[in-house]
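Asker: this is the structure alone, sequence omitted:
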């Protein structure tokens, strides 16, 4: 969920939008009757609230800027949180790296416990948990004989991907999630949004941790 | 962003220099502080609006404003335009400092301060000439409470702008986001004060 008020520039936009709405209410009221203006104001408030809610759900109308490496290496951006140690993900990384000089960046979004925590930037614990998972994952990838580095990303996985692509010229992206019945990322359309916004091959890996643990 | 690197199974920490970490959807503490303060202020205004609508809708007097009182819509409308203009000037000040234009910053802040003072002066002048006081019916009480509450916020905003303006003339603030938080935070507050006045004017004077 995106905070719609993060800077003075955002606040100014609110002033312009609310001011514009108020002008229409005032003009309508002066031309007709207060009750008409009141109804129009209620309609505008309802429309504004709906628009803000829809926008906060993260339908970002932008595409992510891409850069390309010049050294011939194949770069894989891996995005995963709780599934970052999953066997299916490691197998996917191994398969995609086979026979290539690869550089791998593992992004582990620091997932806030709740929307309130996210809005309040109360993510210290989430960052620590994500860091622990990421380090274990890097060790596991290292055991495959591959070179990887990791970073903690924004709590919004799509924003974390966008951030990573600014500094990592990926050739492809691997996003790992829980199975559809348990994945909040899939519920929020993280993979679909990434495919809409990013002009790179994107592989979605489903990691069923429960099944993997039962096999062990 | 934190980072770590593992190569061939051997874990070791590695420092990564620039570019600077992206905070993306995270915001700095000062901005978060003013946003939370604004949330509490919205609740405060909400309580006053609840009282206003209670008097107007539930008590339901025969006319609103009650006879023989009348509100100066035109003068208050001009005052509204003055206050909204000040949002543009504070935004101009911030856009200027983001581009490294210190003259624009100073000009924007001074204009904002002057427009805010003009608004306050006109409002006090309006109080003097209204012809009713806070003791005249519930209408008088709630009118002075709502507009007075807002006026107090304008006064606080002017104090914050005074600090920012003095600092600007002393050479403080820079183009980087962290170097002009002293203007950014009062700017957000000032926009909030403007939005609240738009709501107060539309509700109390027009509807």
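Answerer: Looks like it arrived, so ask away. These numbers come from a predicted model, not from an experiment. Residues are numbered from 1 along each chain as shown, chains lettered A, B, ... in the order given.

Asker: who does the host helix or strand of residue B:32 touch, helix- and strand-wise?
Answerer: Applying DSSP states H and E as the criterion places residue B:32 in helix B:29-53. Packing partners of helix B:29-53 (3 or more C-beta pairs under 8 Å, 6 or more residues apart in numbering or on different chains; DSSP states H and E): helix B:137-169, helix B:181-200. C-beta coordinates here come from the backbone N, C-alpha and C atoms, glycine included.

Asker: quick one, which of the ones you listed is packed in tightest?
Answerer: Highest mean neighbour count among these (mean count of other C-beta atoms under 10 Å in any protein chain shown): helix B:181-200, with a mean of 24.

Asker: report the distance from that helix to the chain centre.
Answerer: Chain-centre distance of helix B:181-200: 2 Å, with C-alpha atoms, centre = their mean, to the nearest Å.

Asker: which residues of chain B score low on pLDDT?
Answerer: Residues of chain B meeting the criterion pLDDT under 70: B:1-27.

Asker: redo that, cut-off 50
Answerer: Confidence mapping of chain B against pLDDT under 50 gives the ranges B:1-22, B:24.

Asker: after the worst-scoring helix or strand of chain A on mean pLDDT, which helix or strand is next?
Answerer: Lowest by mean pLDDT, DSSP states H and E among the helices and strands of chain A is helix A:115-119, with a mean of 63. Following helix A:115-119 in sequence order, the next helix or strand is helix A:124-143 (DSSP H and E).

Asker: so what's the nearest residue to residue B:162 once chain neighbours are set aside up against?
Answerer: Distances taken as C-beta to C-beta, 6 or more residues apart in numbering or on different chains put residue B:113 closest to residue B:162, at 6.7 Å, once the chain neighbours are dropped. For residue B:113, the contacting residues are B:158, B:161, B:162, B:165, by C-beta atoms under 8 Å, 6 or more residues apart in numbering or on different chains.

Asker: and those residues, which two are the farthest apart?
Answerer: The most widely separated members of these, counting by C-beta to C-beta, are B:158 and B:165 (9.9 Å).

Asker: circling back: pull out the buried residues from the helix or strand hosting the residue nearest to residue B:162.
Answerer: Element membership for residue B:113 (DSSP H and E) is helix B:102-129. Neighbour-count burial for helix B:102-129, counted by 16 or more other C-beta atoms under 10 Å in any protein chain shown, picks out B:102, B:104-113, B:115-120, B:122-123, B:127.

Asker: so that helix versus helix B:181-200, what angle?
Answerer: Here helix B:102-129 runs at an angle of 30 degrees relative to helix B:181-200 (axes from the mean of the first three to the mean of the last three C-alpha atoms, to 10 degrees).

Asker: how big is the angle separating helix B:102-129 from helix B:137-169?
Answerer: Using the same axes, to 10 degrees, helix B:102-129 lies at 160 degrees relative to helix B:137-169.

Asker: residue 71: neighbouring residues, count only.
Answerer: In the absence of a named chain, chain A is used. Residue A:71: 8 surrounding residues under other C-beta atoms under 10 Å in any protein chain shown.

Asker: wrong chain, I was asking about chain B
Answerer: Residue B:71 has 19 neighbours, counted by other C-beta under 10 Å.

Asker: quick check: it touching residue B:79?
Answerer: No: look at residue B:71 against residue B:79 with C-beta atoms under 8 Å: they stay out of range, at 12.0 Å.

Asker: would you state the helices of chain A in chain order?
Answerer: Here chain A has its helices, by DSSP state H, at A:8-31, A:34-56, A:87-97, A:115-119, A:124-143, A:157-167, A:184-187, A:190-197, A:209-215.

Asker: same for the fifth one, what does it pack against?
Answerer: Judged by 3+ C-beta pairs under 8 Å, 6+ apart, helix A:124-143 is in contact with helix A:87-97, strand A:102-109, strand A:147-153, strand B:3-7, strand B:10-12.

Asker: thanks a lot, catch you later.
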